[in-house]
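>>> the sequence and its predicted three-dimensional model are supplied below.
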Amino acid sequence: MTRPTVAITIGRENYNRMFSEKALNDLAEFADVIHAGEEPAEKDELSDLLSTADGCITSWGVHQMDADVLAGAPNLKAMAHMGSSVKRFVSDEFWARDIQLTSAGVTLARDVAETTLGLMIVGRKRIIPLSQNLRAGGWRDSPTWDKWDPRELSRSTVGLIGASNVGRHVISLLEPFEVEILVADPFLDEAQAAELGVTKVELDELLRRSDTVSLHCPSNPSTYHILDAEAFALMPDHALIINTARGELIDEAALIAELSKGRFFAFLDVSDPEPSDPGSPLRSLDNVVLTPHTAGCIENCSRMGELAVEELRRFFVGEPPVYEITLDMYDRIA
């Protein structure tokens, strides 16, 4: 049987971050490998790489699989993507070619979920405001303590907006904490909720009942500003808001208005725009923490590389994929 040719398009400067030695060795066992230069492939280089490729591995920074690129890739049958979303990298022409598309972002979801859990613990314990208070000379007998009294994640109520891959990892990580988990997701049915050990509710009920609200849904027209002024008005005082998904999910003007009242504490790993405007109150309010889109893997993303290689191995030997992205899923993914 002829060995397939696989193009790695992500640029050699990203290999140490994205591939373990095992992944590259495993790939070389079943495929002839061709490589981009030091940086992710731009359009012309991508076209050259794919001219003889049967499969490819893509990630952040690689040019889109548009009509021009695909016209010069007659043999391309499978694309394994490493990243949180495939939407920027595919096109109508890509779907028309019936190329198998897989995403290793399911492993990235584990990193985002772990970060989310950490923020829940830190947020419920009020680590940030109490630390700021201590630096200013305060202690337990201060107004800050009264306003942001530390609480436990254990046996609280957590509301997850979206039962995505990240959301489901968060659910599994929360198991030892004996929390009540409410989930608002139009694509989650009662049987699936029962299997996950969560309670499916409408968004309004989730907001009224949750001590912590964490966003894990895709950004699309139906979720744009899913948390707006009306939504915030439903939430109890001292609630914790966490967004490690997409900035467009939150109406930031409405959030700033509520944060200015001192009602909530928020951790925002994403914003809209990104980064947030230099003069935005989000950069100065003391009850919000901004991080620069770092909830996912940063230094070591090798789990994605290993899965991308495994997906291509499966494709070329006729085994089912681990996580395939199909056109009918497109509107439901980030």
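Alright, I've got the coordinates.

>>> and the contacts of the helix or strand hosting residue 266?
Using DSSP states H and E, residue 266 sits within strand 265-268. Residues from elsewhere that reach strand 265-268, judged by C-beta atoms under 8 Å, 6 or more residues apart in numbering: 119, 122-123, 126, 128-129, 148, 238-244, 247, 250, 255, 259, 282, 287-291. (Glycine included, C-beta is placed from N, CA and C.)

>>> show me what counts as buried in it.
Buried residues in strand 265-268, defined by neighbour count with 16 or more other C-beta atoms under 10 Å: 265-268.

>>> quickly find the element holding residue 316.
helix 302-317.

>>> for the helix or strand following that helix, which outside residues touch it?
Using DSSP H and E, the next helix or strand after helix 302-317 towards the C-terminus is strand 324-325. If you take C-beta under 8 Å, 6+ apart as the criterion, strand 324-325 is touched by 81, 86, 100-103, 333.

>>> of the residues you listed, which is the nearest to residue 53?
residue 100 (13.5 Å; C-beta to C-beta).

>>> what residues of the helix or strand where residue 195 lies count as buried?
Here residue 195 sits within helix 190-196, counting by DSSP H and E. Within helix 190-196, the residues scored as buried using 16+ other C-beta under 10 Å are 193, 196.

>>> give me the contacts around that helix.
163, 168, 171, 183, 188, 199-200.

>>> among those residues, which are located in helices?
Counting by DSSP state H, the part of the contacts of helix 190-196 found in helices is 168, 171.

>>> any idea how far residue 47 is from the residue of the chain positioned farthest from its centre?
Distance to the chain centre peaks in the chain at residue 141, reaching 39.3 Å (criterion: C-alpha atoms, centre = their mean). Here residue 141 is placed at a distance of 68 Å from residue 47 (C-beta to C-beta, to the nearest Å).

>>> same check on residue 282?
Residue 282 is 41 Å from residue 47, by C-beta to C-beta.

>>> next structured bit after the helix or strand of the chain with the lowest mean pLDDT?
Ranked by mean pLDDT, DSSP states H and E, the weakest helix or strand in the chain is helix 143-147, scoring a mean of 76. On the C-terminal side of helix 143-147, the nearest following helix or strand under DSSP H and E is strand 157-161.

>>> fine by me, we can end here.
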